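A.B. asks: coords please:
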Amino acid sequence: MNELKYLQKIKNLHRLNPHVIVGPGDDAAVVTFDGPLQWLITSDMLVEGVHFTGEATPPELIGRKLMAVNLSDIAAMAGVPAIATVSLAIPRGTSDTYVYQLSKGIEDLAHKFGVAIVGGDTNGTSGPLTLSMTLLGRATAKGPVMRSTAQKGDAILVTGRLGGSRAGKHLHFTPRVEEALYLHQHYSLTSLIDVSDGLASDLRRLTEDRGLGAALLKAKIPLAEALGQGSDKLRHALTDGEDFELLFTLDPLEAEALLHEQALVDCPLTRIGTVIETPGLFWLAKDQYLEAISWKGYVHG
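C.D. replies: Got it, this is the predicted structure:
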């Protein structure tokens, strides 16, 4: 089943619960219990042959990626990662050394971001190597930032560069946890998401729930150096996915101040467009003519 269609079915089944502030559909769920603290809960799965190539990918990088993609979801809510559980379905006959290296990749990145691995499950399987993690994070005092709260006229910004996954960025990226927390603390973000399925898909998610769209400037899309000089580099930057950069919106005046400051170390910030009232994605030409963008991002499954 198509991932997006399945997600919509899950959202339609969602029932109101006093503990659930944000249910399925954002980068993480938001729940609260007996007190003011809001918890962010996300879960991500990696499957051999879909998210990585088993024989060609070192096990330590596979484990690292599992931790990183979950951390990126917490970053996309501007939260603080805290606690995780890990479940592994390991093909029978896999060596202890391989499993150790896999676990080391998870633990090393968990340690870097202060995440405690508190449990999980391990099973043998005749199928492909499959890894799953559930990660809990804490919302800050300002609360989480949602992906569906952009406003007409907002500036659209992105961290880093796009289109590097084919050159291996999807295995080596550092989740933008610290960057998201800084932006949330010092600016009034109106929406936030991580670029996991490609700018073309994730920007639609950022705008479509409110019936809005986005006008983009081709010359402003920050392209990864790995894309080289090919004629398709812009399409790859919008559709390849797994860049795991932050995509966010805020008031244009705040955006101007942020771009002037450029306070994120080793992480350039670029304004790539504007939220508009017309649904869809468009290129904005010099004469203000809107050209529809038909490209879609990557779909898992």
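A.B. asks: The stretch 1-150 of the chain: strands as residue ranges?
C.D. replies: Counting by DSSP state E, counting those that start in this stretch, residue ranges of the strands within the stretch 1-150 of the chain are 20-22, 29-32, 38-47, 79-91, 116-125, 130-139.
A.B. asks: List the contacts of the residue lying closest to residue 60 once chain neighbours are set aside.
C.D. replies: Leaving aside its sequence neighbours, residue 60 sits nearest to residue 105 (C-beta to C-beta, 6 or more residues apart in numbering; 3.8 Å). Yep, even glycine has a C-beta here, placed from its N, CA and C like the rest. Residues in contact with residue 105 (C-beta atoms under 8 Å, 6 or more residues apart in numbering) are 59-67.
A.B. asks: Counting only helices, which of the residues you listed make the cut?
C.D. replies: In this view, the contacts of residue 105 that belong to helices under DSSP state H are 59-67.
A.B. asks: In JSON lines, list those residues along with pLDDT, neighbour count and distance to residue 278.
C.D. replies: What follows is these, written out as JSON lines (pLDDT from 0 to 100; neighbours: other C-beta atoms under 10 Å; distance: C-beta to C-beta, whole Å):
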{"residue": "59", "pLDDT": "95", "neighbour count": "21", "distance to residue 278": "47"}
{"residue": "60", "pLDDT": "96", "neighbour count": "18", "distance to residue 278": "46"}
{"residue": "61", "pLDDT": "97", "neighbour count": "18", "distance to residue 278": "42"}
{"residue": "62", "pLDDT": "96", "neighbour count": "23", "distance to residue 278": "42"}
{"residue": "63", "pLDDT": "96", "neighbour count": "27", "distance to residue 278": "43"}
{"residue": "64", "pLDDT": "97", "neighbour count": "24", "distance to residue 278": "41"}
{"residue": "65", "pLDDT": "97", "neighbour count": "25", "distance to residue 278": "37"}
{"residue": "66", "pLDDT": "97", "neighbour count": "27", "distance to residue 278": "39"}
{"residue": "67", "pLDDT": "97", "neighbour count": "28", "distance to residue 278": "39"}
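A.B. asks: Residue 279 against residue 209, yeah?
C.D. replies: No - judged on C-beta atoms under 8 Å, residue 279 makes no contact with residue 209 at a distance of 10.5 Å.
A.B. asks: any idea which of the strands of the stretch 1-150 of the chain is most buried?
C.D. replies: Neighbour counts (mean count of other C-beta atoms under 10 Å) averaged over each of those peak at strand 130-139, with a mean of 22.
A.B. asks: Whichever helix or strand comes after that strand pairs with which strands?
C.D. replies: Following the chain from strand 130-139 toward its C-terminal end, the next helix or strand by DSSP states H and E is strand 155-159. Strand 155-159 has the following sheet partners, assigned by DSSP bridges: strand 246-250 (antiparallel), strand 269-276 (antiparallel).
A.B. asks: most neighbours per residue, which of the ones you listed?
C.D. replies: Per residue and on average, the most neighbours among these fall to strand 246-250, with a mean of 27 (mean count of other C-beta under 10 Å).
A.B. asks: now the residue nearest in space to the middle of the chain: how far from residue 109?
C.D. replies: The central residue of the chain, meaning the one whose C-alpha is nearest the mean C-alpha position (C-alpha atoms, centre = their mean), is residue 194 at 2.8 Å. As for residue 194, its distance to residue 109 is 16 Å (criterion: C-beta to C-beta, to the nearest Å).
A.B. asks: what do you get for residue 254?
C.D. replies: For residue 254, the distance to residue 109 under the criterion C-beta to C-beta works out to 31 Å.
A.B. asks: Please report phi then psi for residue 163.
C.D. replies: phi 100, psi 20 (degrees, to the nearest 10).
A.B. asks: What is the end-to-end distance of stretch 213-221?
C.D. replies: Separation of the first and last residues of stretch 213-221 by C-alpha to C-alpha, to the nearest Å is 17 Å.
A.B. asks: Quick check: buried residues in that stretch?
C.D. replies: Applying a neighbour-count criterion of 16 or more other C-beta atoms under 10 Å, one finds 213-217, 221 buried in stretch 213-221.
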